[in-house]
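> structure for this input, please:
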Amino acid sequence: MREATRGAHQAIHELPPFRELLQGRLDKPRYGRVVAALHDFHGSTEGIQTCADQSLDYDDPDFDGRARRALIELDLAALGLPAISCRAVLEADTRPGWNIGFSYVVRGSSVGGQVIYAALDALFGAKKDGRRFFRGPVGQGQRWTEFCARLERLDRNKLIEDATEGAAAAFGHFRTCMEGRCLR
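You can find the predicted model right below:
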């Protein structure tokens, strides 16, 4: 799945706010719009995450959609912004593989969040407020490894096409959320 979605993944890294962040040029107002876009994305996809976890018989309370959204809302509050979502909720697909592929992208993004958290030192110094979401839970790398191990045990022939389609949909939906908030 990683290879099949490499182009879509790379396109996210090339979005102007992320380039600006990694170059130390992102200002707080634009960063606030990025966090608002993340709120839209995660708030609209909680049901998909739940269905994927059920399909994998996987439970990670720190990665629960509500827990992630709560961290984003703390960041929005620290930035003086309201936690108002402007995205409709996406319904889970009837195909378990599609939901799992979507979840693969969402969970994988938490690994990249560690890089973003460090890059935000330019805006926040040592302060955690305003960027708690990107820090993620303790043991995040271990959880990602466990999640990927569960994926490896699935019937790849049966699910891989649906999972790849779900992963592509996740990248597309993320881009749509970003375009709605900070790519104007």
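> what's near enough to touch the spatially most central residue of the chain?
Central residue of the chain (C-alpha atoms, centre = their mean): residue 106, 4.0 Å from the mean position. Shown in contact with residue 106 (C-beta atoms under 8 Å, 6 or more residues apart in numbering): 42, 45, 48-49, 170. C-beta here means a position set from N, CA and C on the backbone, and glycine is covered the same way.
> let me know the pLDDT of residue 62.
What the model reports as pLDDT for residue 62 is 66.
> swap in residue 56?
So residue 56 comes in at 84 (pLDDT).
> now do the SS call for the residue nearest to the centre of the chain.
Here residue 106 is helix, with the state taken from DSSP: H, G, I helix; E, B strand; the rest coil.
> can you read off the pLDDT for it?
Looking at residue 106, the pLDDT reads 90.
> quick check: it vs residue 82, distance?
23 Å (C-beta to C-beta, to the nearest Å).
> for residue 95, same thing?
35 Å.
> would CSV of the contacts of residue 106 with secondary structure be doable?
CSV is the format used below for these (three-state DSSP):
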residue, secondary structure
42, helix
45, coil
48, helix
49, helix
170, helix
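> residues in contact with stretch 157-167?
Looking at what lies outside stretch 157-167 - C-beta under 8 Å, 6+ apart - the contacts are 1, 4-5, 8, 93, 95-105, 151.
> ugh, wrong one, stretch 124-144
31, 35, 38, 60, 62-63, 68, 71-72, 74-75, 78-79, 107-108, 110-111, 113-114, 116-117, 120, 123.
> without its sequence neighbours, what residue ends up closest to residue 67?
Using C-beta to C-beta, 6 or more residues apart in numbering and skipping the chain neighbours, the partner closest in space to residue 67 is residue 61 (6.7 Å).
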